[in-house]
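J.: coordinates only, sequence not included:
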């Protein structure tokens, strides 16, 4: 069964940084585009960033541009989301998922086009 595992969340002050990891030991992650989604309290899960099987293929939500960086290490079967300049509105549960359509990122991240979700990792930005 395809399933990813997220980690790296925590409590951080505004302006701080976190690096989230998305990995698996069960299959070759390098063949897939991987997306990060956030579910803020009381809101639907929304796309934050995506990286294709080619690491230069990346997309970001407007809220993430200039602050977040997505990358991948296929040897470690891991995708990272480096988050800098965190704001309280970045608070939420973060999930990674495989893009089920193709191995390059879509122009718009639709939740139903991604799968193999893990349990998520919680990020709280608060002073």
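T.: Nice, I can see it. As the structure is a computational prediction, the values presented were derived from the model and not from experiment. Residues are numbered from 1 along each chain as shown.

J.: list the helices and strands the helix or strand of the chain with the lowest mean pLDDT packs on?
T.: Lowest mean confidence among the helices and strands of the chain (mean pLDDT, DSSP states H and E): strand 114-115, at a mean of 94. With contacts defined as 3 or more C-beta pairs under 8 Å, 6 or more residues apart in numbering; DSSP states H and E, strand 114-115 has these neighbours: strand 92-99. Glycine gets a C-beta too; all of them are placed from N, C-alpha and C.

J.: hmm, who's touching the strand it packs on?
T.: 2, 4, 6, 9, 20, 22, 32-41, 43, 45, 48, 50, 79, 81, 105-106, 113-118, 120-123 (C-beta atoms under 8 Å, 6 or more residues apart in numbering).

J.: ok, the residue nearest the centre of the chain - contacts?
T.: Most central in the chain under C-alpha atoms, centre = their mean is residue 36, positioned 2.2 Å from the mean C-alpha point. When the contact criterion is C-beta under 8 Å, 6+ apart, the partners of residue 36 are 20, 22, 47-50, 70, 79, 81, 94-96.

J.: Show the subsequent helix or strand relative to the least confident helix or strand of the chain.
T.: strand 121-125 (DSSP states H and E).

J.: what's the average pLDDT for that next one?
T.: Rounded to a whole number, the mean pLDDT of strand 121-125 is 98.

J.: got it, and stretch 22-32?
T.: According to the model, stretch 22-32 has a mean pLDDT of 88.

J.: Mind listing the strands the least confident helix or strand of the chain pairs with, and their directions?
T.: Taking DSSP bridges as the criterion, strand 114-115 pairs within the sheet with strand 92-99 (antiparallel).

J.: for the chain, what are the low-confidence residue spans?
T.: Along the chain, segments meeting pLDDT under 70 are nowhere present.

J.: Repeat the analysis, applying 90 as the threshold.
T.: Filtered on pLDDT under 90, the chain yields the residue ranges 1-3, 24-30.

J.: What's the ChimeraX syntax to select whichever of the contacts of strand 92-99 are buried?
T.: Command for ChimeraX that selects the buried part of the contacts of strand 92-99, burial taken from 16 or more other C-beta atoms under 10 Å:
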select :4,6,9,20,22,32,33,34,35,36,37,38,39,45,48,50,79,81,105,106,113,114,116,117,118,120,121,123
